[in-house]
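Enquirer: How does the following fold in three dimensions:
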Amino acid sequence: MTTNFWSPLQLSLEISVVAGIIVIILGILCARLMARKTFKGKAVVETIFLLPLVLPPSVVGFLLIVVFGQHSPLGRAIEWVFHQPIIFTWWAAVISAIVVAFPLMYQSARTGLEAVDRDIEDAARVDGAGEWKVFKSISIPLAIKSIVAGGVLSVARALGEFGATLMFAGNIPGKTQTTPTAIYLAIDSGNMHLAWLWVLSMIGISFLMLIIVNLIRD
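Expert: Here you go, the predicted structure:
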């Protein structure tokens with residue numbers, strides 16, 4: 001295999017793993033908040049959490065450019081701190097993957113946490129356990145199947161992200177060119193042999209991840 005083959009695949013795996021770790025942490029924390037707390041505007045917050053599931057990837061990419069672009073306050077702050085804009089960087093690809101993968105993790109974690117019997121959590125509190133200990137020692141272990149399944153699906157979703165990444169991170173070889181964007185470029189240039197190699201690799205990785213999810217759920 002040539003470097004041209006391995007580079008996008010390696011980048012995709014790196015980006016999806018980093019994004020997956022961040023998404024798992026954020027997804028569990030947000031799911032805990034939404035599953036156990038009641039507050040004004042809760043429905044609106046949950047809608048925002050799930051919105052990337054139904055928005056076209058190009059819309060997600062456009063919104064990321066608006067939020068993190070050089071003309072936005074956040075974008076200018078990032079550029080001031082790191083001395084470069086975040087658009088068309090490796091981290092832009094990670095952020096794209098986080099945004100599109102988060103709803104899967106959130107949904108799965110919330111389903112698992114809502115299934116935990118609250119009486120068990122209350123009994124632990126009566127015995128003197130604090131909220132963090134209840135969450136860490138009872139809620140997460142009892143919801144672990146849903147959490148792990150959501151984490152695997154999130155990594156798989158991040159691995160296959162295309163539209164938002166292309167708009168927000170670009171398609172820079174060796175820097176932001178992931179396997180999905182590389183496949184697009186290979187097909188566009190008529191290199192079907194290389195495109196097939198990447199496609200089969202992605203199918204194999206995704207197939208393995210789905211097997212893991214099914215084994216966990218069983």
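Enquirer: OK, contacts around the residue lying closest to residue 176 once chain neighbours are set aside?
Expert: Counting by CB to CB, 6 or more residues apart in numbering, residue 176 lies nearest to residue 169, which is 4.1 Å off, once chain neighbours are set aside. Backbone N, C-alpha and C define where each C-beta goes, glycine included. Residues in contact with residue 169, defined by CB atoms under 8 Å, 6 or more residues apart in numbering, are 87, 88, 89, 90, 92, 93, 96, 176.
Enquirer: and what of residue 55?
Expert: With the criterion set at CB under 8 Å, 6+ apart, residue 55 makes contact with residue 63.
Enquirer: list the buried ones in the longest helix along the chain?
Expert: Using DSSP state H to define each element, the chain has its longest helix at helix 3-36. Residues of helix 3-36 classed as buried under the neighbour-count rule (16 or more other CB atoms under 10 Å) are 5, 7-9, 11-13, 15-16, 18-20, 22-24, 26-28, 30-32, 34-36.
Enquirer: any idea of the mean pLDDT for it?
Expert: Per-region confidence: helix 3-36 scores 90 on mean pLDDT.
Enquirer: ditto for stretch 210-218
Expert: Per-residue pLDDT over stretch 210-218 has a mean of 80.
Enquirer: which of the residues in that stretch are buried?
Expert: Buried-residue list, stretch 210-218, by 16+ other CB under 10 Å: 212, 213, 216.
Enquirer: ok now that stretch, how far from the chain's centre?
Expert: Going by CA atoms, centre = their mean, to the nearest Å, the spacing between the C-alpha centre of stretch 210-218 and its chain's C-alpha centre is 19 Å.
Enquirer: Kindly report the same for stretch 118-131.
Expert: With CA atoms, centre = their mean, you get 32 Å for stretch 118-131.
Enquirer: how near is the spatially closest residue to residue 206 that is not a sequence neighbour to residue 144?
Expert: With CB to CB, 6+ apart as the criterion, residue 206 has its nearest non-adjacent residue at 5.6 Å, and that residue is residue 156. The gap separating residue 156 from residue 144 is 19 Å, by CB to CB, to the nearest Å.
Enquirer: the more surrounded of these two?
Expert: Ranked by neighbour count (other CB atoms under 10 Å), residue 156 and residue 144 place residue 156 first, with 22 against 12.
Enquirer: buried stuff in the helix or strand that contains the more buried one?
Expert: If you go by DSSP states H and E, residue 156 is part of helix 144-159. Using 16+ other CB under 10 Å as the test for burial, helix 144-159 gives 146-159.
Enquirer: So which of those residues is the closest to residue 46?
Expert: residue 150 (15.6 Å; CB to CB).
Enquirer: List the contacts of that closest one.
Expert: 24, 27, 104, 105, 106, 107, 108, 109, 112.
Enquirer: Can you get me a residue count around residue 56?
Expert: Residue 56 has 10 neighbouring residues, counting by other CB under 10 Å.
Enquirer: Next one: the residue found closest to it once you drop the neighbours it is linked to in the chain from residue 93, what distance?
Expert: Spatial nearest neighbour of residue 56, chain neighbours left out: residue 163 (7.0 Å); criterion: CB to CB, 6+ apart. Residue 163 sits 12 Å away from residue 93, going by CB to CB.
Enquirer: So between the two, which is more surrounded?
Expert: residue 93 (31 against 19).
Enquirer: Isn't the more buried one up against residue 165?
Expert: Yes. Applying CB atoms under 8 Å, one finds residue 93 in contact with residue 165, separated by 5.2 Å.
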